[in-house]
Structure formats: structure tokens, C-alpha cells
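S.K.: Make a model of this:
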Amino acid sequence: MRLSPLFLIVALLLSACGGAPNTQPAATSAAEASPSAAPAATPEPKEPTTVPTAATMNNEEIAEKLRPSTVRVVAEFGETAIDPEGLGAGTGIVYDLDNGYIITNAHVVEGASVVKIAVADSTKTRSARVVGRSQCDDLAVLKVENKEGLEAATLGESTSMKPGAEVVALGYPLSFELGTDISVNPGSISQLKAQLDKFEDLIKIDAAINPGNSGGPLVNRKGEVIGVNSLGIDGAQNTNYAIAMSQARPIVEQLQEGKNRHYIGLNLVPNEYEDYFGTTEGMAIIGVASGSPASQVGIQAADLLVKMEGKSISDEAAVCDILRSHADGDQLKVTVFRASTGELLEGELTMGKVGAADDKTVKLAVVGNLNSEPAGDNGQSGDSGQSGDNGQSGDSGQSDDDGLLVVNNSFDDGDAGTWPTGQEDGYSAQVADGAYTVNLTVDNMYLFLHPDEAADIANGAVAAQIRPEGTGLAGVMARYSEADGKRSMYVCWISNERKFACSKDVNNDWTVMVKPQTHDAIQPDTNNKVVLAVVGNEFSFQINDQEVASFTDDSLTTGGWGVYAETTPGNFKAHYDHIAIGKVE
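M.R.: This is a model prediction of the structure:
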């Protein structure tokens, strides 16, 4: 379960019990005069009649009414160094049963690999998908196909509420620890039209809400949802907030049409991970939505967002100020810190772009470390990775000013740089669909490829996003050389069978350094980030930011750095979607 200093929570606020109906005496009519002059008879008193009032509900009635409309939301994220559990939970509001639409908070589901919902007091889940989301409004619309046992809640008018009105919060706080039944917390409204952080129209309440309540309904005495509970102030007693329905309704209507708002695809939380990042600056990234602008540029979960458009980022309000100042299609420059490698990276994403990266996207490139500013005083852009005097573009793979980053190819522009391309007997190498693709058509064939810039490096690292296609081996190599018809190198590879290994070849004599073994870090049929780093005689092999192997060896001291592919019986393709090679001094 995710906690943050501005802890994000979902709770349904349900109103407290109402008073007895208001009554007043009914007016009596005058007695009719008799034909005689006799005095009129005194009318007998009539029973008081009830003046109708708006129907009110007590806590139990509200809970019973909203129970089938209030669902538990479970989000599964990949495990990272800052989020070892990889699980999140919140609450959702069923509001359109015909279409299976559910409102929740964007921070509950953004970047999740799997989203599910469950009804009250049940561990049985059903699949849901995110239809649309707005990071800066913290709203998302989910859709479920299985609508059994669900009912649509009535969305009310928050503008009719007054400070002091009684409300009730429903939801599933701390559901992993406290169970799966619904929680009912009464309270009252203390302020309307409140503004806080990135939010523009909040209802301030004193109802008790906790992590896990995020996205749930705030309900008035008539059982109508007048807000979406979203956040609380850590350490402030009885101070919690819901997004007003007057603000949420038009946004939800847009999101249910599949139209994202202010969209880059990042799930951000305050940086409480100083021990990991080495700083309290920036916003920690706990999720990156698949196919989002952030994903396209190469941002990963457990990165730290440091700057956007050159502005230092200290909270999500700063991010949203920038996003609200731009339109879909605009390029936004981002700077992130990757603690796993100690690298400061810069790139440019296309706001609102979903799917494959376009020609505007500039993938992340190393520009320094956290304590250094990107080079930019030579007239070159800070993320080009170039020396500044060779006239090469940032995708060409040239070095930066200190000469450490020597190759940085994203291949999005179709340019292979100095990587070898063409077709020979049994294999071909080409740039296609934004990747450097090697196709081997001969059984038991292996192939070694490197660009000119990386022909002779002693200490360094090679990193690549690798997607194997078929049954073969795809990996990276270090210290490659060839003399008198004999080859020498170190290679580490992965396969779609979730296996990896490392070997060395010294004058065509192969030796296994790390035996083949399976590892859950490998994701079949998709991109896997692999890194082989070598300093002196020490070797480290990482897969998706996890070190899976290390060894020492003194056989080879320098050579070329590049990629490796090998067939088992049958054709095999290896796709390399961003290759970076750098020196270590």
C-alpha cells in the first residue's frame, strides 16, 4: 500500500443520522354560520399534518444504498527499489452501470500493469481497464465488463452544499491489513471551494479517511455522491479533502470518451526516499503508464523527476502548472535522475501522445550525475550527448564534452549511425520501427556487432533495451577483438525463456562465466533493459535495474563494445531499442 507525506486516500463520507420530521399545526377553517342566529359551533381541533421535507438517510441507510456502488480497486505495479511490494489499493464509484464506468483517483491506477475491482466484503476480483485519466485533476475512469452485483450511484450537486452539512465517507482504508469490507466514516463539511497543491475545487471535511480510501464517494444526507475523496494532510487532525462533484463531473464526462487531460503518464509522489536517491529534491516516480509520453522517452519507475521545461520540480503543483500551460502535441523537456546507475538523463516527450513514439520524442540521454549541471554552454542542447564541435546530431552516438558517453542511439529517426547494416548470408541488420534489428536465418549462428566509436574501450558499460523475438539469445558484449581469424569477447545474454548467462570467448575458445539460469526480472516478448559494466577485472550484469550476476576475469583488457545475437534451431530476431555505450575512468 502506498503512503506519502500528503497521503493520498479514498474515503466515502456518509452523513450522520437526521432529526425527526418537521411538523406544524394545520390551519383550521372558520365555522359556517347556521341559518339561525345561533352562535357558530366551536370546531374540534384537527390532528397536526406533516409538511413534506427532503428525504434524509441515516448512516446505515446510506451504507446500504451505496454498498453495491462502492468498489475496492486493486492496482499491481512492478516491484522497484522504492516500492518492493508493487501493490496499490483504493476505492471506486460505479456511476454508469450500462457502460460499466467507475470513477477513481488517477494516482490509484496510473502506471499500473494490472487493475482489478472487487465488491464489498469479497476477495474475488474482476478485471478493469483505464479508459481515461487526468493527472492534474487526480481523476480516472475505469471500465468493467462484468457488472454482476453492481449498482450505479447517484451523482449529486456539490454546489448545493453548505459548510457544516453532515456527510459520510465510504471506502476501503488499509484494505490489505484491515480486510475487504466497506468502511463508513461520518463527518461534516468545514470548507467549500478549497484550493490545495494542484487541486482547484476541494471540499474540506473532518471525516476520518486513510490510505486506501482514495477515489471513493463523499455522500450527502440524501445518499448522493457530492465529492471524490482524494487526499489528507499528514499530521493534521481531521483535515481531509474531496474533489467537488461540480469540478469532477465535466472532467469525468471527457475521460469516459477516452480523452486524457494534461497527460504524460507519470505517477508521482513526494520524495521520501533520501536514502535511495541521496537527495530530498524532485518527485519520486512510482509508476509509468505503458505507451505514455513518459514511457516513450524512456522514463522508468524508481526514477526521480528533477526538472521539467528547465524548472526544478519540488511538488506536483509545479508539474501541473507546466502541463496546464501546454497543449497536446507540445514537446516538454524532462530531466530525471536514475539512482541505479547514478546518471542524470534528459529527453523530450510529446505531451498527450499515446502509442508509439513520434519523431518529436527525444529519448533520455546521459548528461551527467545528480550533482552536475548538463553541459550546454557550448551552443549545444544539454541532452545531445555530443562534444559540441563535431556537428553531429544527438542521435548519432557521439561523445559528450568529457568524452565518457561515446554511443547513444535511439534509432527513432531511422539512422543507424555507424552501426553496421545490410544483408549477408544467414543474417541481416537494419533499422526498422525505431529499433536496430538483427535477423538470423541460419541454425546455431552467432553474431557480434559494434559501432565504430566503440571499437576500443577498456573500462565502460553498454546498456540496451532488448526484445528477443523467437527462440534465440540476444545480449550485449564487451572487449571484442579479432585477429588472425580468431575472435575474443565477453557476452551476457537473455532469452524469451526467462534465461540469462554470461560467457567469454578467448581466441574462439568459449568459457561459461555465469551458467544459464532463469530469473523473474526478464520479461518475455517485450523490451528488457540490460547493462554490462566492466571496470578492470570486475564485471556486473543487470536486467531491468536488478543485478543478476557478477564475476571477475583478467583474460581480456580492451576491445569493442556492442550487441550479440545467437540462433537456436529456427529463425530469430533481436530488436535493440536504444543502445548507449560509455567509458568509465
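
S.K.: and Asp509, how many neighbours?
M.R.: 10 (other Cβ atoms under 10 Å). C-betas here are computed from N, CA, C, even on glycine.

S.K.: what's the answer for Ser292, then?
M.R.: 24.

S.K.: And for it, nearest residue in space, chain neighbours not counted?
M.R.: In space, and not counting its chain neighbours, Ser292 is closest to Gly265: 2.2 Å by Cβ to Cβ, 6 or more residues apart in numbering.

S.K.: Phi first, then psi, for that neighbour.
M.R.: Gly265 adopts backbone torsions of phi 90, psi 20, taken as degrees, to the nearest 10.

S.K.: Settle this for me: it is touching Gly111, isn't it.
M.R.: Yes. Using Cβ atoms under 8 Å, Gly265 is in contact with Gly111, at 7.0 Å.

S.K.: tell me, what's touching those two both at once?
M.R.: Val288, Ala289 (Cβ atoms under 8 Å, 6 or more residues apart in numbering).

S.K.: Going by secondary structure, Gly417 is in what exactly?
M.R.: Using DSSP states H and E, Gly417 sits in no helix or strand.

S.K.: And it, what's its pLDDT?
M.R.: As predicted, Gly417 sits at a pLDDT of 88.

S.K.: low-confidence ranges in this structure?
M.R.: 1-54, 175, 177-178, 234-237, 371-403, 585 (pLDDT under 70).

S.K.: helices or strands up against the helix or strand where Trp493 lies?
M.R.: Taking DSSP H and E as the criterion, Trp493 maps to strand 486-494. Other elements packing on strand 486-494 under the criterion 3 or more Cβ pairs under 8 Å, 6 or more residues apart in numbering; DSSP states H and E are strand 446-449, strand 472-483, strand 499-506, strand 528-535, strand 538-543, strand 560-567.

S.K.: which of those strands sits most buried?
M.R.: Scoring the helices and strands packed on strand 486-494 by mean neighbour count under mean count of other Cβ atoms under 10 Å gives strand 560-567 as the most buried, with a mean of 25.

S.K.: Output it as PDB, nothing but the C-alphas.
M.R.: What follows is strand 560-567, C-alpha atoms only, in PDB (Å, rounded to 0.1, in the frame of the first residue of the first chain):
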ATOM      1  CA  GLY A 560      34.900  -3.200 -28.900                       C
ATOM      2  CA  TRP A 561      31.500  -2.900 -27.300                       C
ATOM      3  CA  GLY A 562      28.200  -3.700 -28.900                       C
ATOM      4  CA  VAL A 563      25.400  -6.300 -29.200                       C
ATOM      5  CA  TYR A 564      25.300 -10.100 -29.500                       C
ATOM      6  CA  ALA A 565      22.800 -12.500 -31.000                       C
ATOM      7  CA  GLU A 566      22.700 -16.300 -31.400                       C
ATOM      8  CA  THR A 567      20.200 -18.700 -33.000                       C
END
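
S.K.: Which residue ranges of the stretch 1-150 of the chain form helices?
M.R.: Assigned by DSSP state H, counting those that start in this stretch, the stretch 1-150 of the chain shows helices spanning 59-66, 106-109.

S.K.: Check which helices and strands the last one is in contact with.
M.R.: In this structure, helix 106-109 makes packing contacts with strand 70-76, strand 87-96, strand 126-134, strand 139-143, strand 266-270, judged by 3+ Cβ pairs under 8 Å, 6+ apart.

S.K.: want to throw those strands into JSON lines with mean neighbour count and distance to Val336?
M.R.: Listed next are those as JSON lines, based on neighbours: other Cβ atoms under 10 Å; distance: least, Cβ to Cβ, whole Å:
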{"stretch": "strand 70-76", "mean neighbour count": "26", "distance to Val336": "22"}
{"stretch": "strand 87-96", "mean neighbour count": "26", "distance to Val336": "21"}
{"stretch": "strand 126-134", "mean neighbour count": "20", "distance to Val336": "21"}
{"stretch": "strand 139-143", "mean neighbour count": "25", "distance to Val336": "23"}
{"stretch": "strand 266-270", "mean neighbour count": "23", "distance to Val336": "10"}
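
S.K.: Quick one: the ones you listed as a markdown table, columns for distance to Asp509 too.
M.R.: Putting the helices and strands packed on helix 106-109 into a markdown table (distance: least, Cβ to Cβ, whole Å) gives the following:
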| stretch | distance to Asp509 |
| --- | --- |
| strand 70-76 | 46 |
| strand 87-96 | 48 |
| strand 126-134 | 52 |
| strand 139-143 | 57 |
| strand 266-270 | 48 |
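
S.K.: among these, which is nearest Ala327?
M.R.: Closest to Ala327 of the helices and strands packed on helix 106-109, according to Cβ to Cβ: strand 126-134, at 14.4 Å.

S.K.: for the closest one, the distance to its chain's centre please.
M.R.: 13 Å (Cα atoms, centre = their mean, to the nearest Å).

S.K.: likewise stretch 135-145?
M.R.: 13 Å.

S.K.: What of stretch 200-215?
M.R.: 22 Å.

S.K.: can you check stretch 407-420 too?
M.R.: On Cα atoms, centre = their mean, the centre of stretch 407-420 falls 28 Å from that of its chain.

S.K.: just stretch 308-328 next, same as before
M.R.: The answer for stretch 308-328 is 17 Å, by Cα atoms, centre = their mean.

S.K.: Tell me which of the helices and strands packed on strand 486-494 lies nearest to Ser325.
M.R.: Closest among the helices and strands packed on strand 486-494, once you apply Cβ to Cβ, is strand 528-535, at 32.2 Å.

S.K.: Relative to the closest one, what are the paired strands and their orientations?
M.R.: strand 460-469 (antiparallel), strand 538-543 (antiparallel) (DSSP bridges).

S.K.: mind giving me JSON lines with the ones you listed and columns for distance to Arg479?
M.R.: Shown next, in JSON lines, are the strands paired with strand 528-535 (distance: least, Cβ to Cβ, whole Å):
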{"stretch": "strand 460-469", "distance to Arg479": "9"}
{"stretch": "strand 538-543", "distance to Arg479": "10"}
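
S.K.: closest to Tyr273 out of those?
M.R.: strand 538-543 (19.6 Å).

S.K.: what's the distance between that closest one and the middle of its chain?
M.R.: Taking mean C-alpha positions (Cα atoms, centre = their mean), strand 538-543 and its chain are 27 Å apart.

S.K.: could you pull out the strands for the stretch 101-250 of the chain?
M.R.: In the stretch 101-250 of the chain, the strands defined using DSSP state E, counting those that start in this stretch lie at 101-104, 114-118, 126-134, 139-143, 166-171, 183-196, 199-205, 217-219, 225-232, 240-244.

S.K.: Same question for the longest one: list its buried residues.
M.R.: Read it as strand 183-196. Using 16 or more other Cβ atoms under 10 Å as the test for burial, strand 183-196 gives Ser183, Val184, Asn185, Pro186, Gly187, Ser188, Ile189, Leu192, Ala194.

S.K.: Just want the angle from it to strand 225-232.
M.R.: 80 degrees (axes from the mean of the first three to the mean of the last three Cα atoms, to 10 degrees).

S.K.: contacts for strand 183-196?
M.R.: Strand 183-196 has contacts (Cβ under 8 Å, 6+ apart) with 11-16, 59, 62-63, 158, 161-173, 201-209, 213, 231, 238, 241, 244.

S.K.: Name only those of the residues you listed that count as buried.
M.R.: Buried members of the contacts of strand 183-196, counted by 16+ other Cβ under 10 Å: 11-16, 59, 62-63, 158, 161, 165-173, 201-209, 213, 231, 241, 244.

S.K.: right, and the strands of the stretch 101-250 of the chain - which one's nearest Met477?
M.R.: With distances scored as Cβ to Cβ, the stretch of the strands of the stretch 101-250 of the chain nearest to Met477 is strand 114-118 (35.1 Å).

S.K.: Who are the contact partners of the nearest residue to Gly536 once chain neighbours are set aside?
M.R.: Leaving aside its sequence neighbours, Gly536 sits nearest to Asn459 (Cβ to Cβ, 6+ apart; 6.8 Å). Shown in contact with Asn459 (Cβ under 8 Å, 6+ apart): Val534, Val535, Gly536, Lys583, Val584, Glu585.
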